[in-house]
Structures are given as structure tokens and as C-alpha cells.
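**Q** generate a structure from the sequence data that follows.
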Amino acid sequence: MAYQEKKFTIPELEGISRESLEQHLALYAGYVKNFNAISSKLVEYAADTEKNAHALSELIRRKSFEFDGMRLHEYYFEQFEGGAKELHKDSSLAEVFEKEYHGYFEEYFKAIGNMRGPGWAMLYYDPVGKELQTGFAGEQHQGHFVTLPIILALDVWEHAFLLDYGALGKAKYIDAFFKNLNWSLIEKRFADIVK
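**A** Sure thing, here's the model as predicted:
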């Protein structure tokens with residue numbers, strides 16, 4: 001099956017330029033294209049696994065990188081659709097934030113995003129432990145909480161902020177990211193998991 005590039009309806013964003021957004025979307029499109037190309041090559045090379053052992057191993061290693069880049073960017077861009085909307089103070093997600101982070105979730109999550117180095121800051125929900133988990137994946141195909149659904153994804157690779165804020169502008173970009181979130185979509189992700 002070939003994956004299709006998703007199209008997102010993203011309004012003008014405060015603090016994130018249209019040019020930066022378009023370049024970021026083009027990078028996402030590359031993940032989709034590369035994943036599809038790798039998938040088709042794997043089928044071709046599987047006809048002679050002995051002859052193609054080296055190529056197969058490299059493609060298999062690369063496949064999860066491309067897939068995770070595709071999926072994480074879909075979470076990321078979806079969060080801006082419909083325009084910025086505040087977190088509903090009486091939502092189940094807001095209640096969990098209050099219980100687990102005592103009103104300081106945003107500050108805590110921003111600190112994760114501002115850690116030295118590129119990667120992804122992510123919020124997950126653990127249905128077994130019935131609690132939120134936050135994490136940082138320096139490589140998008142490594143460092144994840146296995147099986148945990150993603151609630152919020154923040155891309156802090158340089159491509160997300162370099163054009164608008166320069167190499168040292170990660171913190172300003174993260175502030176802009178939070179200003180533009182459509183929390184109703186994020187609340188829905190959470191609600192769909194905890195049903």
C-alpha cells in the first residue's frame with residue numbers, strides 16, 4: 001500500500017511564517033515519498049535476500065525513520081488546523097494536567113522542548129498506568145514509549161524554527177507553537193483514548 005501525503009488546512013500562524021510552514025510541509029511530503037519508495041524497494045530486493053542482504057538491512061533501518069517522520073509530522077500539523085483554541089478548563093485533559101502537573105504542564109513541556117539538541121517533545125497517555133507520560137526523542141525513530149498513543153507532538157528540529165528565529169530561537173518558536181495550538185483537537189485525541 002502506498003501512503004498518501006495528507007493535506008492540512010492551516011490558517012496563518014502567529015510567530016510561524018507561511019514560508020517556514022510551506023518548507024516544513026515539503027519536508028513532510030518527502031517522508032511520505034521516501035517511505036513509499038523504500039517499501040517498494042524492499043519487495044523488489046526480497047526476491048534475492050542473499051544477494052541484496054546489505055541493501056535490505058539499510059532500507060529496513062531507514063524505513064522506520066521515514067515512517068515515524070511521516071506520522072509525527074501528521075500529528076504536528078493537525079494540531080494547527082481550525083486555528084488556535086484554548087484548552088477548555090473543564091475538559092478531562094485539563095483535569096489530568098491539574099492533577100499530574102499542578103497547573104504547570106505548559107511550562108514543563110516547554111522545558112522538554114528546550115532541552116539541548118534537536119528532536120521531538122511528546123506527550124503520551126498510558127492506558128495501563130492511567131497517566132500521562134512526557135518524553136523526548138532525539139531521533140524520531142528511537143526513544144518512544146512503545147505502544148503509547150501520542151496526545152501532543154512538538155517538533156524541535158532546527159527546520160521547524162531556523163527560518164523564523166535563527167539557530168538560537170528555539171524558545172521563541174516553542175512559545176509560538178503553543179500560541180497556535182488548537183487544543184480542542186488535542187482534547188479529542190485524549191478523550192478518544194481514555195473512553
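**Q** my guess is Q79 meets D155, correct?
**A** No - shown here, Q79 and D155 do not form a contact pair, counting by CB atoms under 8 Å, at 10.3 Å. The way it works is simple: take the backbone N, C-alpha and C, and place the C-beta from them, glycine included.
**Q** what about those two, which has more around it?
**A** More neighbours surround D155 than the other of Q79 and D155, with 26 against 21 (other CB atoms under 10 Å).
**Q** any idea how far that one lies from D192?
**A** Spatial separation of D155 from D192 under the definition CB to CB, to the nearest Å is 22 Å.
**Q** give me the mean pLDDT for stretch 10-17.
**A** In this model, stretch 10-17 has an average pLDDT of 98.
**Q** how far does it sit from its chain's centre?
**A** Stretch 10-17 has its C-alpha centroid displaced from the chain centroid by 17 Å (CA atoms, centre = their mean, to the nearest Å).
**Q** please apply the same query to stretch 131-143.
**A** 10 Å.
**Q** domain parsing of the protein, as residue ranges.
**A** Following automatic domain parsing, one gets these domains for the chain: 18-78, 92-194.
**Q** state the mean pLDDT of the longest one.
**A** Computed over domain 92-194, the mean pLDDT rounds to 94.
**Q** how far off centre is it?
**A** 8 Å.
**Q** can you pull the pLDDT of the residue most central in space within the chain?
**A** When CA atoms, centre = their mean is applied to the chain, the residue found nearest the centroid is L72 (3.3 Å). Looking at L72, its pLDDT reads 95.
**Q** quick check, it in a helix?
**A** Yes - per DSSP: H, G, I helix; E, B strand; the rest coil, L72 lies within a helix segment.
**Q** how close does it sit to K170?
**A** 17 Å.
**Q** what is the neighbour count of Y125?
**A** The burial count assigned to Y125 is 20, neighbours taken as other CB under 10 Å.
**Q** quick one, what contacts it?
**A** Neighbour list for Y125: 131-133, 148-149, 151, 190, 193-194 [criterion: CB atoms under 8 Å, 6 or more residues apart in numbering].
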